[in-house]
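Trainee: pasting the sequence and the predicted model now:
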Amino acid sequence: MKLDRTDINILHELQKNGRITNVELSELVNLSPSPCLIRVKKLQAEGYIEGYSAQIDFNKLGQTLTVFTEITLRNHRHVDFARFLATIEKIDQVMECHLVSGGYDYLLKFVTTGIEEYQTIMERLSETEIGIDKYFSFIVLKSPLVKARMPLTSLFQL
């Protein structure tokens, strides 16, 4: 499926408000409701829209600790990366995992109840045989800017 400007605009608007009605969405993207709904359903069917979720203010739920962790693996074979990822995927506190270029292999984002929980997780990971050579932790003190949506209309100008 090749996207056009209207598809990008639909995705842009749904990112801003996933609970928008089809009538409101159709007005924002200059379509009548029926063709707008057809496009949304097609975007869902093609996997461009993976789902809808609520953005939660975690600070209102209680105190959490966010830690970014640089991880370097001992070996760099396919099996080493696969073993590492298979283990990391099972840890609920890992919110993001990025394979990166540069001085280390992975950048992970953890959200935990505190430093003790993070330390326990890292000790457990270090003791298992998943190939971690070294890691560096960066505790987030404050997050003055966090964006939940991508700048679709500037990334994909059609």
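Mentor: All right, it came through fine.
Trainee: not counting sequence-adjacent ones, nearest residue to residue 31?
Mentor: Taking C-beta to C-beta, 6 or more residues apart in numbering as the measure, residue 31 lies nearest to residue 6, with 6.6 Å between them; neighbours along the chain are not counted. Quick note: C-beta positions are derived from backbone N, CA and C, even for glycine.
Trainee: residues near that neighbour, how many?
Mentor: By the other C-beta atoms under 10 Å criterion, the neighbourhood of residue 6 contains 15 residues.
Trainee: distance of it from residue 21?
Mentor: In this view, residue 6 and residue 21 are 18 Å apart by C-beta to C-beta, to the nearest Å.
Trainee: the spatially most central residue of the chain: what's it in contact with?
Mentor: In the chain, the residue lying closest to the centroid (C-alpha atoms, centre = their mean) is residue 96, at 5.8 Å. Applying C-beta atoms under 8 Å, 6 or more residues apart in numbering to residue 96 gives the contacts 107, 108, 109.
Trainee: how about 6 Å then?
Mentor: Contact partners of residue 96, counting by C-beta atoms under 6 Å, 6 or more residues apart in numbering, are residue 109.
Trainee: list the buried residues in the helix or strand it falls within.
Mentor: When secondary structure is defined by DSSP states H and E, residue 96 falls within strand 94-99. For strand 94-99, burial by neighbour count (16 or more other C-beta atoms under 10 Å) applies to 94, 97.
Trainee: now do stretch 105-114
Mentor: Of the residues in stretch 105-114, those scored as buried under the neighbour-count criterion (16+ other C-beta under 10 Å) are 105, 106, 107, 108, 109, 110, 111, 112.
Trainee: torsion angles phi and psi at the closest residue in space to residue 106 that isn't next to it in sequence?
Mentor: Nearest in space to residue 106, with sequence neighbours left out and distances taken as C-beta to C-beta, 6+ apart, is residue 71 at 4.4 Å. When read as degrees, to the nearest 10, the backbone of residue 71 gives phi -120, psi 130.
Trainee: can you tell me how far residue 71 is from residue 86?
Mentor: Residue 71 is 14 Å from residue 86, where distance means C-beta to C-beta.
Trainee: okay, the two: which has more neighbours?
Mentor: Using other C-beta under 10 Å as the criterion, residue 71 and residue 86 rank with residue 71 on top: 23 against 10.
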